[in-house]
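Enquirer: I'll drop the sequence and a predicted model, then ask my questions.
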Amino acid sequence: MTQYVFAPQTPVTVPVVGSDKQFPVRRVYCVGRNYAAHAREMGFDPDRE
């Protein structure tokens, strides 16, 4: 039996439409269309390399 230092988290899941099953979510990727606007809001230059 594996002994953990602390208990693993319960997986996050989302329901599958038309089913009683769940789908595990491991990662969320965010793609921003307005990166430049947010960079300016934070005081950064979005055109800088």
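Expert: Okay, I see it.
Enquirer: contacts and neighbour counts: CA atoms only from here.
Expert: Fine.
Enquirer: Which helix or which strand is home to the closest residue to residue 47 other than its chain neighbours?
Expert: Closest residue to residue 47 in three dimensions, ignoring its sequence neighbours and counting by C-alpha to C-alpha, 6 or more residues apart in numbering: residue 36, at 8.0 Å. Using DSSP states H and E, residue 36 maps to helix 35-41.
Enquirer: what's the average pLDDT for that helix?
Expert: In this model, helix 35-41 carries a mean pLDDT of 85.
Enquirer: which residues are contacting it?
Expert: Helix 35-41 is contacted by residues 45-47 when judged by C-alpha atoms under 8 Å, 6 or more residues apart in numbering.
Enquirer: Dump these into TSV; add pLDDT and neighbour count as well.
Expert: Converted to TSV, the contacts of helix 35-41 look like this (pLDDT from 0 to 100; neighbours: other C-alpha atoms under 10 Å):
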residue	pLDDT	neighbour count
45	88	12
46	84	12
47	84	8
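Enquirer: of those residues, closest to residue 6?
Expert: Checking those against residue 6 by C-alpha to C-alpha gives residue 46 as the nearest, at 40.9 Å.
Enquirer: Would you quantify the distance from the residue nearest the centre of the chain to residue 4?
Expert: In the chain, the residue lying closest to the centroid (C-alpha atoms, centre = their mean) is residue 28, at 2.7 Å. Distance, residue 28 to residue 4, using C-alpha to C-alpha, to the nearest Å: 26 Å.
Enquirer: Take the contacts of helix 35-41 and lay them out in JSON lines including distance to residue 9 and secondary structure.
Expert: As requested, those are arranged in JSON lines below (distance: C-alpha to C-alpha, whole Å; DSSP: H, G, I helix; E, B strand; the rest coil):
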{"residue": "45", "distance to residue 9": "38", "secondary structure": "coil"}
{"residue": "46", "distance to residue 9": "37", "secondary structure": "coil"}
{"residue": "47", "distance to residue 9": "40", "secondary structure": "coil"}
